[in-house]
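coords please:
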Amino acid sequence: MNDKTKRYLTLLILALGATAIYILPYLRWTYYDPMREALQLTHTQFGTLMSAYGIASMLLYFPGGWMADRVSARKLLTFAFASTGILGLFFATYPPYNMCLLIYLLWGAIATLTFWAALIKATRDLAGSSEQGSFFGLLEGSRGLLQTILSFVILALFNRLGGGVFGLTWAVYIISALNIVAAVLTWFTLEDSKTIRPEASVLSDIINVIKMPVVWLIAVVVLCNYSIYIGTTYLTPYITEIFGATVAISAFIAIVRNYVLQFIGGPVGGFIADKTGSTSKIVTYCYVIALVTMVLFFVIPGKSSMLSLLVVNMIVLAAAIFAMRGIYFATMEEIKIPAALTGSVVGFASMIGFTPDIFMNPLAGHFLDTYQGITGYKYLFAVMLVFVILGLAASVVLLKMTKKKKQETDISLDAN
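All right, here's what the predicted structure looks like:
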């Protein structure tokens, strides 16, 4: 097996683990009723489990970044996948509420303390300097494809076993086993990182990262992208309530928007970025596309005859979002952020960038509850438009900085 084939195979294994590690804590999205029945929880207790997961995750993004710069990604990812799977096997016994709460806290801690930054660092190490966009895009696309395949396979098994608690138990067993398999494969295929710095000062890294304007720009790009993404999830009820689409049509469109475009948009964005030689340029173009589509959301009348135009506009927006999401961390290589600081940068940018989990859904809910009909959605679109403009501004500045950095590098090479 040649080096390039091995690197792509390793990337696919990482994508498998990166998919499986999130299915267990988010299983409630698909199997809400059988899970609540199996655990014998109230709706409030069930909701509290996800709150515990979210809080643990948010608090540990930055510490997870520090750890990724000090411990090999191979060790961190193997631990993350294996421990998630082992906890899943225990979860399949449906323990008491307090133990479930502990499991969700641990799942949240594992996902950000030992997994997320390590995954980004491992991907950056796997890719060559001219392959960053392709590898990050393929990681995003593979996750989307595997998520779709695994979701349908597990659903088919769940139904084949009669649904209910029995079917759910086997679904949890299989997902847990996939995590453990990903751990074993990761240990034997991923090489130890050569850019770890176990002796580096944590305080020094924090100061260095916070002082870098480019890191703040990446964080803003991530925050705006994620805010817009969360906003697009409300296009599902928008299509049914305002345009009169059936629930089945709306659900089908949502699957295309959330899954199909993920495994298409990520790789396409990555390959285009590598072909053009500038990831930040493609991120900027994607924000321009997002700006046009958001303006069209205000212009398209809420009539059933305009549904086709609305769906096309929504698909274009979703494609731009996933293309960006697949490559925005690849800008680290272009802007020449030291490889040894990759984890800290990812941790800091993620800590800021994923805060929309805290405010976007309550804000959207407030608009839709307070303002009836299309008015509530227009207010939501206005918020999304603000994030598009802010993200576009940040990406333009980032693009200018990468061009300046490239010019400085070219001048330095010419001088030598």
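
what's the closest non-adjacent residue to L296?
Spatial nearest neighbour of L296, chain neighbours left out: N313 (5.0 Å); criterion: C-beta to C-beta, 6 or more residues apart in numbering. Where C-beta positions appear, they are placed from N, C-alpha and C, glycine not excepted.

ditto for G270
Spatial nearest neighbour of G270, chain neighbours left out: G137 (2.0 Å); criterion: C-beta to C-beta, 6+ apart.

wait, what's in contact with the residue nearest to L296?
N313 is in contact with T293, L296, F297, I300, counting by C-beta atoms under 8 Å, 6 or more residues apart in numbering.

give the contact list for the residue nearest to G270.
By C-beta under 8 Å, 6+ apart, the contact set of G137 is G266, P267, V268, G269, G270, F271, A273, A323, G326, I327, A330.

Need the phi and psi values for L60.
Per-residue torsions, L60: phi -110, psi 10 (degrees, to the nearest 10).

That one contacts T112, doesn't it?
Yes - using C-beta atoms under 8 Å, L60 makes contact with T112 at a distance of 4.3 Å.

higher neighbour count, these two?
Per other C-beta atoms under 10 Å, whichever of L60 and T112 has more neighbours is T112, with 25 against 22.

Need the residues that contact stretch 204-219.
Residues outside stretch 204-219 that contact it (C-beta under 8 Å, 6+ apart): 62, 66, 69, 328-329, 331-332, 335, 337, 341, 344-345, 348-349, 351-353, 394-395, 397-398, 401.

Domain map for the chain?
Domain assignment for the chain, taken from automatic domain parsing, gives 3-192, 206-406.

could the ones you listed be laid out in JSON lines, adding mean pLDDT?
Output for these, formatted as JSON lines (pLDDT from 0 to 100):
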{"stretch": "domain 3-192", "mean pLDDT": "91"}
{"stretch": "domain 206-406", "mean pLDDT": "91"}
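
tell me, which helix in this protein spans the most residues?
Ranked by residue count and defined by DSSP state H, the top helix of the chain is helix 374-415.

now for that one, which elements pack on it?
If contacts are counted by 3 or more C-beta pairs under 8 Å, 6 or more residues apart in numbering; DSSP states H and E, helix 374-415 sits against helix 213-232, helix 279-299, helix 331-334, helix 356-370.

7 Å instead?
If you count contacts as 3 or more C-beta pairs under 7 Å, 6 or more residues apart in numbering; DSSP states H and E, helix 374-415 packs onto helix 213-232, helix 279-299, helix 356-370.

The residue nearest to the spatial centre of the chain: which element?
Against the mean C-alpha coordinate of the chain, by C-alpha atoms, centre = their mean, the closest residue is R325 at 7.1 Å. R325 is part of helix 307-327 when elements are defined by DSSP states H and E.

In that helix, which of the residues would be classed as buried?
Across helix 307-327, burial judged by 16 or more other C-beta atoms under 10 Å covers 307, 310-311, 313-327.

Could you pull up the residues touching the residue nearest to the centre of the chain?
By C-beta atoms under 7 Å, 6 or more residues apart in numbering, R325 lies in contact with E140, N225, G266.

Now with 8 Å, please.
Here R325 is in contact with E140, N225, Y229, G265, G266 (C-beta under 8 Å, 6+ apart).

Pretty sure the fourth one sits against R143.
No - with contact defined as C-beta under 8 Å, G265 does not reach R143; the gap is 11.8 Å.

Can you pick out the residue with more neighbours from these two?
G265 (26 against 22).

From L150, how far off is the closest residue to T189 other than its chain neighbours?
With sequence-adjacent residues excluded and distances taken as C-beta to C-beta, 6+ apart, T189 is closest to T10, at 4.7 Å. Remark: distance between T10 and L150 (C-beta to C-beta, to the nearest Å) = 19 Å.

Of those two, give the one with the bigger neighbour count.
More crowded of T10 and L150, by other C-beta under 10 Å: T10, with 20 against 17.

Helix or strand: which one has that one?
Taking DSSP H and E as the criterion, T10 maps to helix 3-23.

and that helix, what does it pack onto?
Contact here means 3+ C-beta pairs under 8 Å, 6+ apart; on that basis helix 3-23 packs against helix 73-91, helix 117-126, helix 132-160, helix 164-189.
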